[in-house]
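Colleague: predicted structure and sequence below. I'll ask about it afterward.
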Amino acid sequence: MEPGDDILKTIQRVALEHNVKSGQITLIGAVSGAKLGYFDRESGEYKDFLIERDLEVVSGMGNISRLDDESVVVHAHLVVSDEEGRCWGGHLMEGCEVSVTIELVIIETDVDLRRAKDEITGLNLLDIK
């Protein structure tokens, strides 16, 4: 990825352009800020937080699945660190902007990863039935 790219939007675009229906992703690199999230069980919503500084992406992993034939779902988590090695981690949200580069690896799988709405959480969870 190039400077200025939004990580989540870029992964979604690449998956659509290359017709990746299911896959595993890993990524490393650097960002000019990280917008990460966590699922708040009380509210039933994702909450996010922003770290506004240059950071290293020391670990990024997740998957690509489909909610239906058209909708790409990227579920990824990142761990980022600052110049002193302090780390933050969470769910990848829109707003993580590449500063130098992000090296993305997508391993396409033969398994058809699909998501379905979970009645308890309201989330679109992997449906492996």
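Modeller: Sure, I can see it. Bear in mind that the values here come from a model prediction, so they are computed numbers and not experimental data.
Colleague: when you work out contacts or count neighbours from here on, use the C-alpha atoms and nothing else.
Modeller: OK.
Colleague: counting by contacts, list what the longest strand anywhere in the chain packs against.
Modeller: When the chain is parsed with DSSP state E, its longest strand is strand 23-40. In this structure, strand 23-40 makes packing contacts with strand 45-51, strand 55-66, strand 72-81, strand 87-92, strand 97-108, judged by 3 or more Cα pairs under 8 Å, 6 or more residues apart in numbering; DSSP states H and E.
Colleague: report the buried residues of it.
Modeller: Using 16 or more other Cα atoms under 10 Å as the test for burial, strand 23-40 gives 23-38.
Colleague: go on, stretch 74-92?
Modeller: Result for stretch 74-92 [16+ other Cα under 10 Å]: buried residues Val74, His75, Ala76, His77, Leu78, Val79, Val80, Ser81, Gly89, Gly90, His91, Leu92.
Colleague: before we move on, what about stretch 1-8?
Modeller: Buried-residue list, stretch 1-8, by 16+ other Cα under 10 Å: Met1, Asp5, Asp6, Ile7, Leu8.
Colleague: three-state assignment of the last one?
Modeller: So the one you mean is Leu8. helix (DSSP: H, G, I helix; E, B strand; the rest coil).
Colleague: ok, the closest residue to it other than its chain neighbours - contacts?
Modeller: Nearest residue to Leu8, sequence neighbours excluded (Cα to Cα, 6 or more residues apart in numbering): Glu94, at 5.7 Å. Residues near Glu94 by Cα atoms under 8 Å, 6 or more residues apart in numbering: Asp6, Ile7, Leu8, Lys9, Lys35.
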